[in-house]
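**Q** next input, structure requested:
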Amino acid sequence: MPKLTINGKELEVPAGTNLIQAAKQVGSEVPHFCYHPGLSVAGNCRMCLVEIEKAPKLQIACNTAVTEGMVVFTESEKVKKARQGVMEFLLLNHPIDCPICDCAGECYLQDYYMAHDKAPSRTEEPKNKKAKAEDIGPHVMLDKERCVLCSRCVRFTDEISKTHELGIFGRGSTEEIDLAPGMRLENDYSGNVVDLCPVGALTDKDFRFKSRPWFLRETNTVCGGCAMGCNIVLNTNLNPYNKVGQKRAYRIYPRENAEVNQFWICDEGRYSYHAIDENRKEGASLSGTPVTLDFGLARFSEGLKKAIAAGADQVAFLLSPQMTTEELTAWKELAAALGVTQVAYGDDIKRTGKADAFLMKADKNPNTAGAAALGIAPAAAPLLAKAADGSLKALVVVDHELANAAELAGKLEFFAFVATHNTPTDKAAHVSLPRAMYVEQDGHFTNVQGKVQEVKKAMEPIGEAKGGVELAAQLSMRLLPVKATA
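**A** Down below sits the predicted model:
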C-alpha cells in the first residue's frame with residue numbers, strides 16, 4: 001500500500017484511494033461540493049484543491065489518487081487563497097437567503113464560507129435571476145438560484161436510479177439544473193437528491209418549513225419499512241421550545257452502510273415515519289371500548305388462563321415479523337411456559353408491496369428472517385383456518401390485520417389482539433393491548449441478507465403503549481405461578 005504524508009502526518013492507505021479519503025484518515029477535512037463516495041467523480045466544483053509537493057499547480061483531491069512518497073498540504077496559504085476564490089465565484093449569483101432557506105444549518109455553502117471566505121461581496125452588478133420553488137416531482141422542490149451546479153443530483157439519476165430525469169442545461173452563468181423534456185422527478189428513490197444536495201437548491205416537500213434542524217435529535221437506527229433493513233437516521237422533535245407542531249417524528253434519511261443500503265434509501269421507507277405518530281393505538285380496549293392498560297392486562301390474563309385450563313392444545317399465538325427479535329423471544333417463551341405449542345408468525349399472510357432489484361423488498365416486514373431464525377413456523381394461515389372452523393378456543397394475534405376478525409371474535413372463546421395502530425381487528429378483539437413501535441424500544445432486526453442489526457430507541461412509547469418484552473413480562477407475572485425461593 002502506498003505511503004504518503006498529509007499535513008506532516010504519515011499514513012498508509014490502499015492503492016486507488018483519493019486524497020479526500022486519505023486526508024480524512026488523518027483528521028483533515030478537504031472541503032468539497034461535487035464529490036460523493038457513492039457517485040462517479042465529476043471534478044467540477046474545484047473546492048477540493050490541494051497542494052502536492054513538486055506538482056506545478058494545485059490539484060483536485062477528489063480525482064487525485066495517492067502515490068508512494070506523495071507529500072500533500074491541504075491548509076497551505078496557496079490552498080486557502082484558491083478556496084476563497086472558488087467561494088467568491090459560487091456566491092457571485094447566490095441569493096444569500098439563508099434566513100428563509102430550508103437547508104440553513106445543514107448547508108455546505110454556509111459552513112465553507114465561514115471556514116474559507118468570510119469576505120463581503122465585491123460584485124456591483126445585478127445577480128442573475130433564476131426560477132425559484134419549482135415543483136419538479138411528488139417529493140422535491142427546486143430553487144435554481146441556490147444551485148452550485150455540483151451535479152450530484154444529475155449523477156444520481158444517471159448512475160443510481162438510472163431514470164435520467166435531471167440534467168444541466170445552458171452555458172456559462174446561465175447554466176442550471178432542470179428536468180429533461182417531458183419528465184418529472186418521480187422515481188422510487190427521488191428523495192435521495194435532497195440528501196445529496198450540498199445547499200438548499202433541492203428541498204423535500206414533506207420536511208419543507210417544518211422545523212429547523214438544530215431543534216431535532218438524531219437517532220441512528222434501522223428502517224422498519226421492509227425486509228432490507230436500510231440504515232437510517234431518524235429525526236425527532238422532543239424540544240419543548242420548538243413550537244412547529246405536535247408530532248414527534250420529523251424526518252428519515254439514509255445512513256451509510258456499504259453492505260446493506262450503501263448511501264441510499266427508497267422513498268417508501270423515507271416517508272414511513274408518518275406511521276410513528278398517526279392513528280396510533282395509545283391504550284387498551286375491550287371489543288373497541290377503551291380501558292386502562294392495567295385493566296386490559298387483567299382481562300387478557302383471565303381470558304387466556306381460562307382457555308389454557310380447558311386445554312393448552314386449543315390455544316394459539318400468532319406473532320408478527322414486525323416485532324423485534326427480543327419481543328418474539330419473549331412471547332415465544334411465554335407461550336412455552338404456558339404449555340402453548342401452536343406458535344407461528346405470519347409469513348404466509350405477510351404485508352407485501354412494491355419491490356425492485358435494488359433496495360425495495362416485497363416483504364414489508366423488517367424481521368421475517370429473525371422470526372425464522374428463532375424457529376417460529378411461518379404458518380399463520382393454518383392457525384387462522386383452525387380458529388375459523390372452531391378447532392381453537394383462544395387465539396392471540398400480534399399486529400396482523402385480519403379480514404375476518406369479527407367472524408373470529410364470534411367463534412373463539414377468547415380472541416386477543418396486540419397492536420401498534422387502531423384497526424378494525426383491534427375493535428373486534430375481546431381484549432386489545434397497545435404495543436410500542438420499534439422506534440420506541442431497543443432491539444434487533446434480522447434483514448433479508450441475514451444481517452442482525454440494532455434498532456435504537458428514539459422516543460418514549462406513545463400513551464400507555466409498552467414494548468412487546470414488557471407486555472410479555474406483565475402477562476407472565478399474572479399468568480405464571482411464583483416459584484418459592486429457598
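
**Q** so which residue is smack in the middle of the protein?
**A** In the chain, the C-alpha nearest the mean C-alpha coordinate belongs to residue 232, at 3.5 Å (CA atoms, centre = their mean).

**Q** for my notes, confirm it occurs in a strand.
**A** Yes: judged by DSSP: H, G, I helix; E, B strand; the rest coil, residue 232 forms part of a strand.

**Q** where do the helices sit along this structure?
**A** Using DSSP state H, the helices of the chain run over 19-25, 77-91, 108-116, 152-159, 192-196, 267-270, 293-310, 325-338, 368-373, 380-388, 405-411, 424-428, 468-479.

**Q** got the CA coordinates for the fourth one in CSV?
**A** Extracted as CSV, the C-alpha positions of helix 152-159 are listed here (Å, rounded to 0.1, in the frame of the first residue of the first chain):
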residue,chain,number,x,y,z
ARG,A,152,-24.7,15.3,-7.7
CYS,A,153,-28.4,15.0,-8.4
VAL,A,154,-27.8,14.5,-12.1
ARG,A,155,-25.3,11.8,-11.5
PHE,A,156,-27.7,10.1,-9.0
THR,A,157,-30.5,9.9,-11.6
ASP,A,158,-28.0,8.7,-14.2
GLU,A,159,-26.0,6.2,-12.1
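
**Q** for that helix, buried residues please.
**A** 152, 153, 154, 155, 156, 157, 158 (16 or more other CB atoms under 10 Å). C-beta coordinates here come from the backbone N, C-alpha and C atoms, glycine included.

**Q** JSON lines for the residues you listed, including pLDDT and distance to residue 422?
**A** As requested, the buried residues of helix 152-159 are exported to JSON lines (pLDDT from 0 to 100; distance: CB to CB, whole Å):
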{"residue": "152", "pLDDT": "97", "distance to residue 422": "41"}
{"residue": "153", "pLDDT": "97", "distance to residue 422": "39"}
{"residue": "154", "pLDDT": "97", "distance to residue 422": "43"}
{"residue": "155", "pLDDT": "97", "distance to residue 422": "43"}
{"residue": "156", "pLDDT": "98", "distance to residue 422": "38"}
{"residue": "157", "pLDDT": "97", "distance to residue 422": "39"}
{"residue": "158", "pLDDT": "97", "distance to residue 422": "43"}
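
**Q** so what's residue 139 up against?
**A** Contact analysis of residue 139 by CB atoms under 8 Å, 6 or more residues apart in numbering lists 185, 190, 191, 194, 204, 205, 206, 267, 271.

**Q** returning to that earlier point: so which of the helices of the chain gets nearest residue 448?
**A** Closest to residue 448 of the helices of the chain is helix 368-373 (CB to CB; 6.2 Å).

**Q** can you give me the domain boundaries for this protein?
**A** In terms of domains, the chain is parsed into 3-91, 284-479 (source: automatic domain parsing).

**Q** and the first one, end to end?
**A** Distance between the two ends of domain 3-91: 37 Å, counting by CA to CA, to the nearest Å.

**Q** try stretch 127-146
**A** Stretch 127-146: ends 12 Å apart by CA to CA.

**Q** and that stretch, average pLDDT?
**A** On average, the pLDDT along stretch 127-146 is 94.

**Q** and it, which residues are buried?
**A** For stretch 127-146, a neighbour-count test (16+ other CB under 10 Å) marks 130, 136, 137, 139, 140, 141, 142, 143, 144, 145, 146 as buried.

**Q** which residue is the nearest non-sequential neighbour of the first one?
**A** The reference is to residue 130. Among residues not flanking residue 130 along the chain, residue 144 sits closest, at 3.8 Å (CB to CB, 6 or more residues apart in numbering).

**Q** quick one: residues contacting the one you found.
**A** Counting by CB under 8 Å, 6+ apart, residue 144 has contacts 130, 131, 132, 134, 176, 177, 178, 201.

**Q** swap the cut-off to 7 Å and go again
**A** 130, 131, 132, 176, 177 (CB atoms under 7 Å, 6 or more residues apart in numbering).

**Q** strands - which of those land there?
**A** Secondary structure from DSSP state E places 176, 177 of the contacts of residue 144 in strands.

**Q** quick one on the thing from earlier: gap between the residue nearest to the centre of the chain and residue 252?
**A** Applying CB to CB, to the nearest Å, the value for residue 232 to residue 252 is 5 Å.

**Q** any common contacting residues for these two?
**A** residue 223.

**Q** what ranges do the strands span in the stretch 1-150 of the chain?
**A** For the stretch 1-150 of the chain, applying DSSP state E, counting those that start in this stretch gives strands covering 3-6, 9-12, 49-52, 59-60, 71-73, 134-135, 140-142.

**Q** please render those as CSV that adds distance to residue 41 to the earlier fields.
**A** Listed next are the strands of the stretch 1-150 of the chain as CSV, based on distance: least, CB to CB, whole Å:
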stretch, distance to residue 41
strand 3-6, 19
strand 9-12, 21
strand 49-52, 14
strand 59-60, 9
strand 71-73, 17
strand 134-135, 28
strand 140-142, 24
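
**Q** the stretch 201-350 of the chain: strands as residue ranges?
**A** In order along the chain, the stretch 201-350 of the chain carries the following strands (DSSP E, counting those that start in this stretch): 202-204, 217-222, 231-236, 249-254, 284-286, 289-291, 315-319, 342-345.

**Q** on that earlier part again, deepest in the core, which of the strands of the stretch 1-150 of the chain is it.
**A** Highest mean neighbour count of these: strand 140-142, a mean of 24 (counted as mean count of other CB atoms under 10 Å).

**Q** can you spell out which helices and strands pack onto that one?
**A** Applying 3 or more CB pairs under 7 Å, 6 or more residues apart in numbering; DSSP states H and E, we find strand 140-142 packed against strand 134-135, strand 202-204.

**Q** residue 420 is nearest to which of these?
**A** Among the helices and strands packed on strand 140-142, strand 202-204 sits nearest to residue 420 (CB to CB), with 25.2 Å.

**Q** what helices or strands is the closest one leaning on?
**A** strand 140-142, helix 192-196.
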